[in-house]
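Colleague: quick one, fold the following:
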Amino acid sequence: MSLEKKFVHVGYRILSKVKTGLDREAEQRGINVNSLVGQILAKYTSFDRIADHVEAVPLNKPLFMGMLSAIEVGEMERLGRELGPKLVKKTFAFLSLEFEIDGLIEHYFRPLSTYSRWYSFNVAGSGPNRRLLFEHPYGPNWSAFLKQYIGGIIKSATGTDPKITVDDGLVTVFC
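Modeller: You can find the predicted model right below:
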């Protein structure tokens, strides 16, 4: 099997001011416009449509950190436990995505890691030794939230409670 990426040639008409903005952004990033448009479209198809469906609200880091420090850990856990499974399961059904562990990895945990800054995500091991690693710099309240949020999503998808450990800013799910 070839490891080459498959590309297709497409053409679209866009407003000239959009093209000017793309040219400027590509130059600032030091990439060509084709790469920039590919990145934008990849983000939309893997993340933005899910974020739009759950009505995500972007926050800047100081505001986010202030909110985290103002909310009790028990409330963060409750929010994660109650909201995660409902939001994600409903979104997967609406978007016709497979609501099982591999689908969650591909369509939720990886894109959220890449684009939301909630955490950095990695998968270690395979089969019964597979671990999902969620690393973040936001403190114990966020770890408590993620443990319940991710655990609730996985339980909803698989029917079983996953084993989860928390060590500082690292939440590890054994599945």
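Colleague: buried stuff in the lengthiest helix in the chain?
Modeller: Taking DSSP state H as the criterion, the chain has its longest helix at helix 73-94. Residues of helix 73-94 classed as buried by neighbour count (16 or more other C-beta atoms under 10 Å): Met76, Glu77, Gly80, Arg81, Leu83, Gly84, Pro85, Leu87, Val88, Thr91, Phe92. In short, each C-beta sits where N, CA and C put it, glycine included.
Colleague: and if you look at stretch 36-43?
Modeller: Leu36.
Colleague: kindly report the same for stretch 13-31.
Modeller: Leu22, Ala26.
Colleague: model confidence over it, on average?
Modeller: Stretch 13-31 shows a mean pLDDT of 95.
Colleague: what of stretch 55-72?
Modeller: pLDDT averaged over stretch 55-72 gives 93.
Colleague: ok, now stretch 105-125?
Modeller: On average, stretch 105-125 scores 95.
Colleague: end to end on that stretch, go ahead and measure it.
Modeller: End-to-end distance for stretch 105-125, by C-alpha to C-alpha, to the nearest Å: 14 Å.
Colleague: for the residue positioned nearest the centre of the chain, which residues are in contact?
Modeller: Centroid-nearest residue in the chain, with C-alpha atoms, centre = their mean: Leu112, separated by 1.0 Å. Residues in contact with Leu112 (C-beta atoms under 8 Å, 6 or more residues apart in numbering) are Phe47, Trp118, Tyr119, Phe121.
Colleague: secondary structure class for it?
Modeller: helix (DSSP: H, G, I helix; E, B strand; the rest coil).
Colleague: could you do the one 5 residues further on as well?
Modeller: Taking three-state DSSP as the rule, one finds Arg117 in the coil state.
Colleague: Lys19 versus the residue nearest to the centre of the chain, what's the distance?
Modeller: 30 Å (C-beta to C-beta, to the nearest Å).
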